[in-house]
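Colleague: Sequence first, then the predicted structure:
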Amino acid sequence: VQLVESGGGMVQPGGSLRLSCVASGFTFNSYDMSWVRQAPGKGPEWVSVINTGGGSTYYADSVKGRFTISRDNAKNTLYLQMNSLKPEDTALYYCAAGGDPFSSDYWGQGTQVTVSS
């Protein structure tokens, strides 16, 4: 099983980034998928989840209205579109297989997002 995130970087407040997570080694379209982030010195924070078909999505209050989770099952890829970024969004962002990422054995290595002027 492999999950590989990409798309992170440094952006100014108010900017946008699109994260991708390419999955392999398991049946991607059979798993709900999640995004989790961990800011420096803090514990992991659940960000968003999407169901297998992509028709149901949920977000943490801290990102609701700014972030959009999506998936392309034909490409085994999960996305997180992040708009109106704030400094408090600075974190290492992970994708995880399953609707409860904290019970999942399948996590990526993370991609760093830094929001700073």
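Modeller: Structure received.
Colleague: Low-confidence stretches in this structure?
Modeller: Scanning the chain for pLDDT under 70 picks out nothing.
Colleague: Chain neighbours aside, what residue packs nearest to the most centrally placed residue in it?
Modeller: Nearest to the geometric centre of the chain sits residue 35, at 3.2 Å (CA atoms, centre = their mean). Among residues not flanking residue 35 along the chain, residue 47 sits closest, at 4.2 Å (CB to CB, 6 or more residues apart in numbering). The way it works is simple: take the backbone N, C-alpha and C, and place the C-beta from them, glycine included.
Colleague: Residue 25 too?
Modeller: Spatially, and ignoring its direct neighbours in sequence, residue 25 is nearest to residue 1 (4.1 Å; CB to CB, 6+ apart).
Colleague: Now for that neighbour: which residues touch it?
Modeller: By CB atoms under 8 Å, 6 or more residues apart in numbering, the contact list for residue 1 reads 23-26, 97, 105-106.
Colleague: ok, now with 6 Å
Modeller: Each residue near residue 1 by CB atoms under 6 Å, 6 or more residues apart in numbering is listed here: 25-26, 106.
Colleague: Let's see if you can find the most crowded of those residues.
Modeller: residue 106 (17 neighbours; other CB atoms under 10 Å).
Colleague: how far away is it from residue 96?
Modeller: Distance of residue 106 to residue 96, computed by CB to CB, to the nearest Å: 6 Å.
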